[in-house]
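Enquirer: Sequence first, then the predicted structure, then my questions.
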Protein chains: 2
Amino acid sequence: MSFASIPPMVRRSRSVGAEVAAHLERLITSGELRAGDRLPAERELAASLNVSRASLREAMFELESKKLIERHQGRGSVVAEQPEGVAQLYENLSELDVEIANATELRDLVEPRIAQLAALRAADSNLISLEEVLARSHAELSPEESLALDVEFHTLLAHAAQNPLLVTLCTMTTSWTRNTRELGHRTRQGREVSFRGHQAIYEAVLARRPAPAGAAMERHLREVREVSSRQGAHPEPA
Amino acid sequence: MSFASIPPMVRRSRSVGAEVAAHLERLITSGELRAGDRLPAERELAASLNVSRASLREAMFELESKKLIERHQGRGSVVAEQPEGVAQLYENLSELDVEIANATELRDLVEPRIAQLAALRAADSNLISLEEVLARSHAELSPEESLALDVEFHTLLAHAAQNPLLVTLCTMTTSWTRNTRELGHRTRQGREVSFRGHQAIYEAVLARRPAPAGAAMERHLREVREVSSRQGAHPEPA
DNA sequence: GGTAGTCATTGGTCAGACCAGTGGGCCCAC
DNA sequence: GTGGGCCCACTGGTCTGACCAATGACTACC
């Protein structure tokens, strides 16, 4: 096992701590250090790497935040077991993916509630607007037209819930998830699924039945997501 | 802007650095520190927090790795731009002139979900923070202290849900419903009800049981509202 | 044989010094 | 008056060495 000193010339672009962290990370990922291996004491390791203990500790912080090592006062530090599974999967998502996931999570929370409240509170004018949008919706539309009507339906529904905050949230989640939703409208089947979902929601709202309206919205979101995910593993539509 | 010293009694379960990092993170995500704000110099900030520069720097490393701050040698550290979604949400919502009823409706929707997600996703550090707040909470506190801890508990719980958008929503609904919530903390009984509710929620989260956590939150919101409305009907100063 | 105390080891924290970019202000030459 | 260049205060980066606190093995005692 070599904790040999780091080549000095390298020390320009990164901080000493980052340099050391990269060095140790390489030792771990390359297999020179295995999960469960005990690292030398900080003072010792710092000396053998020709850095101060402060810089070494900076590196340790970084490695710990990456969950590559575990540190225990009085016991020392060991190379962590490599976590695999859902948690790790979540870690590996890009920032963009995480943001979309967060927005989707919020949408899944808000939209069913909007449907419920719309069923309770929709004014006649709201119902008329919704019906007009549905009348213009069918599977033969272009993807762009279909997406526009999709957005309009959900926005009108939010208005029918008579809570401006929910309208704002609907608008925002719509803009964040637009790219994903666009995928769903690319195919005739996708447009059909979306359209039928809206229809079911509308009927429950018209019948003033909050619970079925919320359930219909949940089903709609689920179905649309399935269609979208089938459509594209490439979330860049331009 | 208060970088006031951290309550000393808390320093048991976590390192000083982690404590400071949590403190600063709360300042940032709660909006007290806005994107682009310049942080005090390390020496200065360490002094005002009563910690060594080494510990302060440990906290800074953590915040930087979370991309909450950016640091530049010779120039200082600034609060990083929030993810676009959070910034947009914050901006759009803070412009609204909000009715309390609408805000309450949103809160009733969001908070139970936050509790559920916290039960699924809370990290150890989240749990420690929550427990610390509970340890400081009891019915004998002043109304102001009690309300502050109430707000802190819900904010920390939102963090534990690991969705920045939910944190922002929690922050906004809190600021809108603050006056109403203040009523509930005026009486000893009100503070007791609030505290017990938080405890029940925390226990469900700690046990990783999402459904009971959500149910406990719903019960908590209901109970607190009853107390507040009783109080609002017959206002009796402390 | 078990138990309580001891102590070396390890990470945690602190204080203070000096190094190394950064940027604004000052001064001089033009 | 203006431009350029130097200087210096300020900020983060790094190092040193000291002491605190948790851990666990070892030891002496019962």
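Expert: Okay, I see it.
Enquirer: alpha carbons only for contacts and neighbour counts from here, please
Expert: Will do.
Enquirer: What is the burial count for A:Ala160?
Expert: Neighbours of A:Ala160 under the rule other C-alpha atoms under 10 Å in any protein chain shown: 28.
Enquirer: so it touches A:Asp124, yeah?
Expert: No: the criterion here is C-alpha atoms under 8 Å, and A:Ala160 misses it with A:Asp124 at 9.3 Å.
Enquirer: lowest confidence element among the helices and strands of chain A?
Expert: Here the helix or strand of chain A ranked lowest by mean pLDDT, DSSP states H and E is helix A:86-92, holding a mean of 53.
Enquirer: per-residue confidence at the residue most central in space within chain A?
Expert: What sits nearest the mean C-alpha location of chain A, by C-alpha atoms, centre = their mean, is A:Ala101, with 2.1 Å. On pLDDT, A:Ala101 comes in at 91.
Enquirer: Next secondary structure element downstream of the helix or strand harbouring it?
Expert: Assigned by DSSP states H and E, A:Ala101 belongs to helix A:95-121. Using DSSP H and E, the helix or strand that follows helix A:95-121 in sequence is helix A:124-136.
Enquirer: For the residue nearest to A:Glu203 when sequence neighbours are not counted, give me its contacts.
Expert: Beyond its immediate neighbours in the sequence, the residue positioned closest to A:Glu203 (C-alpha to C-alpha, 6 or more residues apart in numbering or on different chains) is A:Ala213, lying 8.0 Å away. Residues in contact with A:Ala213 (C-alpha atoms under 8 Å, 6 or more residues apart in numbering or on different chains) are A:112, A:115-116, A:119, A:200-205.
Enquirer: out of those, what pair is the most spread apart?
Expert: A:Pro112 and A:Glu203 (14.4 Å; C-alpha to C-alpha).
Enquirer: quick one: which of those two has more around it?
Expert: Remark: of A:Pro112 and A:Glu203, A:Pro112 carries more neighbours, 24 against 16, as counted by other C-alpha under 10 Å.
Enquirer: Was I right to think that one contacts A:Glu218?
Expert: Yes: assessed by C-alpha under 8 Å, A:Pro112 is found in contact with A:Glu218 at 5.9 Å.
Enquirer: Is stretch A:17-33 positioned near chain B?
Expert: No: Stretch A:17-33 stays clear of chain B (C-alpha under 8 Å from any C-alpha of the partner chain), getting no nearer than 10.5 Å.
Enquirer: and that stretch, is it in reach of DNA strand D?
Expert: Yes: judged by C-alpha under 7 Å from any atom of the strand, stretch A:17-33 comes into contact with DNA strand D at A:Gly17.
Enquirer: Any buried residues in that stretch, and which?
Expert: Neighbour-count burial for stretch A:17-33, counted by 16 or more other C-alpha atoms under 10 Å in any protein chain shown, picks out A:17-25, A:27-28, A:33.
Enquirer: thinking again about what came up before, how about the contacts of A:Ala213 in CSV, adding pLDDT?
Expert: Listed next are those as CSV, based on pLDDT from 0 to 100:
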residue, pLDDT
A:Pro112, 98
A:Ala115, 98
A:Gln116, 98
A:Ala119, 97
A:Ala200, 97
A:Ile201, 98
A:Tyr202, 98
A:Glu203, 97
A:Ala204, 97
A:Val205, 98
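Enquirer: Of these, which is the nearest to DNA strand D?
Expert: Nearest to DNA strand D out of those is A:Pro112 (C-alpha to the nearest atom of the strand; 45.9 Å).
Enquirer: what's the spacing between that closest one and A:Leu221?
Expert: Counting by C-alpha to C-alpha, to the nearest Å, the gap from A:Pro112 to A:Leu221 is 9 Å.
Enquirer: For chain B, see how far away A:Glu140 is.
Expert: 33 Å (C-alpha to the nearest C-alpha, to the nearest Å).
Enquirer: Let me know how buried the closest residue to that residue other than its chain neighbours is, in neighbour terms.
Expert: Nearest residue to A:Glu140, sequence neighbours excluded (C-alpha to C-alpha, 6+ apart): A:Arg188, at 7.0 Å. Residues near A:Arg188, counting by other C-alpha under 10 Å, number 16.
Enquirer: The one 5 residues further on now?
Expert: With neighbours defined by other C-alpha under 10 Å, the count for A:Val193 comes to 19.
Enquirer: next one: A:Asp150
Expert: 22.
Enquirer: likewise A:Leu141?
Expert: Neighbours of A:Leu141 (other C-alpha under 10 Å): 16.
Enquirer: same check, this time on A:Val151
Expert: By other C-alpha under 10 Å, the residues close to A:Val151 number 18.
Enquirer: Next, work out how far apart it and chain B are.
Expert: For A:Val151, the distance to chain B (C-alpha to the nearest C-alpha) stands at 18 Å.
Enquirer: A:Leu165 contacts B:Asn102, doesn't it?
Expert: Yes: A:Leu165 lies in contact with B:Asn102 (C-alpha under 8 Å); the separation is 6.8 Å.
Enquirer: Can the helix holding A:Ala101 be said to contact chain B?
Expert: Yes: under the criterion of C-alpha under 8 Å from any C-alpha, helix A:95-121 makes contact with chain B via A:99, A:102-103, A:106, A:109-110, A:113.
Enquirer: Among those residues, which one sits closest to DNA strand D?
Expert: Closest to DNA strand D out of the residues of helix A:95-121 next to chain B is A:Glu99 (27.6 Å), distances taken as C-alpha to the nearest atom of the strand.
Enquirer: what's the nearest residue to that closest one if we skip its chain neighbours?
Expert: Nearest non-adjacent residue to A:Glu99, counting by C-alpha to C-alpha, 6+ apart: B:Gly85, 7.4 Å away.
Enquirer: neighbours around the one you found, how many?
Expert: Look at B:Gly85: counted by other C-alpha under 10 Å, it has 19 neighbours.
Enquirer: Quick check: it vs A:Thr171, distance?
Expert: According to C-alpha to C-alpha, B:Gly85 and A:Thr171 sit 12 Å apart.
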